[in-house]
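Asks: how would this look folded up:
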Amino acid sequence: MPMIVCDTDSVREIGKITVFLLDDHEVVRRGVHELLSVEDDIEVVGEAGTAADALVRIPATRPDVAVLDVRLPDGSGVEVCREIRSANEDIKCLMLTSYADDEALFDAIMAGASGYVLKAIRGNELLAAVRNVAAGKSLLDPVATARVLERLRDGGTRGDDRLARLTDQERRILDLIGEGLTNRLIGERLHLAEKTIKNYVSSLLSKLGMQRRSQAAAYVARIQAEQQHH
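Replies: Numbers count the residues shown, from 1 in each chain. The predicted model follows:
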């Protein structure tokens with residue numbers, strides 16, 4: 001019999017990936033819900049059809065992964081991602097959209113999304129995407145990321161100057177931020193306390209002249225793109 005843990009709003013099984021769905025099309029939500037619910041290791045803990053509703057329900061349900069539609073009647077899934085990630089970086093965001101949109105992809109990266117997939121994705125691929133994002137992996141394609149981050153070149157290409165300010169440990173942590181890892185996962189990887197990682201992150205962001213870890217992740221992606229180009 002599976003162990004269960006009491007939550008403020010629900011009772012969920014330990015070990016399951018909890019998912020929240022945000023899409024203004026009920027048919028799409030139902031389809032994704034049914035796809036995920038039949039899996040033994042995934043549990044859908046909530047749904048919403050508007051950004052406003054999602055911003056109330058997601059913090060209450062605290063899912064492992066929030067699957068967010070990019071275009072909504074009262075806003076954008078990207079804004080929801082930014083708000084949710086700012087409040088709780090443990091919640092991973094997977095953007096789901098009908099159209100391949102470089103602008104939306106760029107915004108999703110800057111908002112801290114872990115992945116960006118089209119609604120035309122196959123069912124087994126969406127399941128894999130949810131599991132990978134829950135595991136702390138990034139699904140952002142390096143080629144697409146490089147293309148949409150090209151605009152950042154004019155904003156300061158002196159990457160070497162800023163990187164030179166970082167210690168070796170800060171460089172390692174910056175690379176792991178670029179992989180989409182949270183402070184907790186970085187701590188596990190480097191065998192350091194989560195609070196210690198948080199202090200390192202604050203320090204490296206200050207040295208890079210940044211305020212959010214999503215900016216650092218985009219910065220790493222740009223550097224990697226430049227290295228591939230050269």
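
Asks: immediately after the helix or strand hosting residue 28, which helix or strand?
Replies: Taking DSSP states H and E as the criterion, residue 28 maps to helix 26-37. Using DSSP H and E, the next helix or strand after helix 26-37 towards the C-terminus is strand 42-48.

Asks: list of residues touching that following strand?
Replies: 10, 12-13, 16-22, 29, 33, 36-37, 54, 57-58, 60-61, 63, 127, 130-131 (C-beta atoms under 8 Å, 6 or more residues apart in numbering). C-betas here are computed from N, CA, C, even on glycine.

Asks: dump the C-alpha coordinates for the longest helix that the chain contains into PDB.
Replies: As assigned by DSSP state H, the longest helix anywhere in the chain is helix 213-229. Taking Å, rounded to 0.1, in the frame of the first residue of the first chain, the C-alpha atoms of helix 213-229 are listed here in PDB:
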ATOM      1  CA  ARG A 213      18.700  33.200 -11.700                       C
ATOM      2  CA  SER A 214      16.700  33.100 -15.000                       C
ATOM      3  CA  GLN A 215      19.000  35.900 -16.300                       C
ATOM      4  CA  ALA A 216      22.000  33.800 -15.300                       C
ATOM      5  CA  ALA A 217      20.600  30.700 -17.100                       C
ATOM      6  CA  ALA A 218      20.000  32.800 -20.300                       C
ATOM      7  CA  TYR A 219      23.600  34.200 -19.900                       C
ATOM      8  CA  VAL A 220      25.000  30.700 -19.800                       C
ATOM      9  CA  ALA A 221      23.000  29.700 -22.900                       C
ATOM     10  CA  ARG A 222      24.300  32.700 -24.800                       C
ATOM     11  CA  ILE A 223      27.900  31.900 -23.900                       C
ATOM     12  CA  GLN A 224      27.500  28.200 -24.900                       C
ATOM     13  CA  ALA A 225      25.900  29.400 -28.200                       C
ATOM     14  CA  GLU A 226      28.900  31.700 -28.900                       C
ATOM     15  CA  GLN A 227      31.300  28.800 -28.100                       C
ATOM     16  CA  GLN A 228      29.400  26.500 -30.600                       C
ATOM     17  CA  HIS A 229      29.400  29.300 -33.200                       C
END
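
Asks: pull out the buried positions in that helix.
Replies: By neighbour count with 16 or more other C-beta atoms under 10 Å, helix 213-229 contains the buried residues 213-225.

Asks: and if you look at stretch 35-53?
Replies: Result for stretch 35-53 [16+ other C-beta under 10 Å]: buried residues 35, 36, 42, 43, 44, 45, 46, 47, 48, 49, 51, 53.

Asks: go through those residues and name the one nearest residue 186.
Replies: Distance to residue 186 across these (C-beta to C-beta) is lowest for residue 42, with 25.1 Å.

Asks: just checking, residue 50 touches residue 72?
Replies: Yes: if you go by C-beta atoms under 8 Å, residue 50 and residue 72 touch, sitting 6.2 Å apart.

Asks: any shared contact partners between the two?
Replies: With C-beta under 8 Å, 6+ apart, residue 50 and residue 72 have common neighbours residue 24.

Asks: if I look at the residue lying closest to residue 123 once chain neighbours are set aside, how far off is residue 138?
Replies: Nearest residue to residue 123, sequence neighbours excluded (C-beta to C-beta, 6 or more residues apart in numbering): residue 35, at 5.2 Å. Taken as C-beta to C-beta, to the nearest Å, the spacing of residue 35 relative to residue 138 amounts to 22 Å.
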